[in-house]
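Asker: sharing a model prediction with you, sequence too.
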Amino acid sequence: MASVITAVVLAFLVGYSFTLIPLVRSGMALVAALPLALMADTVSIIVMELVDNAIMLVVPGAMSTSLLEAIFWGSLVASVALAFGGVSVNRWLIAMP
């Protein structure tokens, strides 16, 4: 459970940072950039984390192996590939009127 919580927390921190840093560097105030980042990234990060962590938990042994074992990397590649479906969520959000 600690691995899942750590992964989710890091996903949100990194995801929001990737949006916030360029906005703030371009001159936008953090107070204005923060709501934009929250609106733009929250749904897609949730979708990606749900799919990614669900797959890692379903594949037997994926969470208990070392970084040197193929089962870990195979599960990770599969979960990230499927979690990339979060992109379709972003496309849907962008297309909304």
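Answerer: Nice, thanks for sending it over. Numbers count the residues shown, from 1 in each chain.
Asker: so, low pLDDT: which residues of this structure?
Answerer: Residue ranges of the chain with pLDDT under 70: 85-87, 90, 97.
Asker: would you list every one of the helices in it?
Answerer: Applying DSSP state H to the chain gives helices spanning 2-25, 30-58, 70-83, 86-95.
Asker: take those helices and write them to JSON lines, including mean neighbour count and distance to Ser64.
Answerer: Every C-beta, even on glycine, is put in place using the N, C-alpha and C of the backbone. Output for these, formatted as JSON lines (neighbours: other Cβ atoms under 10 Å; distance: least, Cβ to Cβ, whole Å):
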{"stretch": "helix 2-25", "mean neighbour count": "13", "distance to Ser64": "9"}
{"stretch": "helix 30-58", "mean neighbour count": "16", "distance to Ser64": "11"}
{"stretch": "helix 70-83", "mean neighbour count": "15", "distance to Ser64": "9"}
{"stretch": "helix 86-95", "mean neighbour count": "12", "distance to Ser64": "26"}
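Asker: grab the most central residue of this structure for me.
Answerer: What sits nearest the mean C-alpha location of the chain, by Cα atoms, centre = their mean, is Ile45, with 4.0 Å.
Asker: what about that residue, distance to Leu36?
Answerer: Ile45 sits 14 Å away from Leu36, going by Cβ to Cβ, to the nearest Å.
Asker: same check, this time on Glu49
Answerer: Glu49 sits 20 Å away from Leu36, going by Cβ to Cβ.
Asker: now Ala81
Answerer: In this view, Ala81 and Leu36 are 28 Å apart by Cβ to Cβ.
Asker: try Val51
Answerer: According to Cβ to Cβ, Val51 and Leu36 sit 24 Å apart.
Asker: check Ala70 too.
Answerer: Distance from Ala70 to Leu36, counting by Cβ to Cβ: 40 Å.
Asker: next one: Ile46
Answerer: 17 Å.
Asker: can you check Ala54 too?
Answerer: Ala54 is 29 Å from Leu36, where distance means Cβ to Cβ.
Asker: go on, Ile5?
Answerer: Taking Cβ to Cβ, one finds Ile5 at 26 Å from Leu36.
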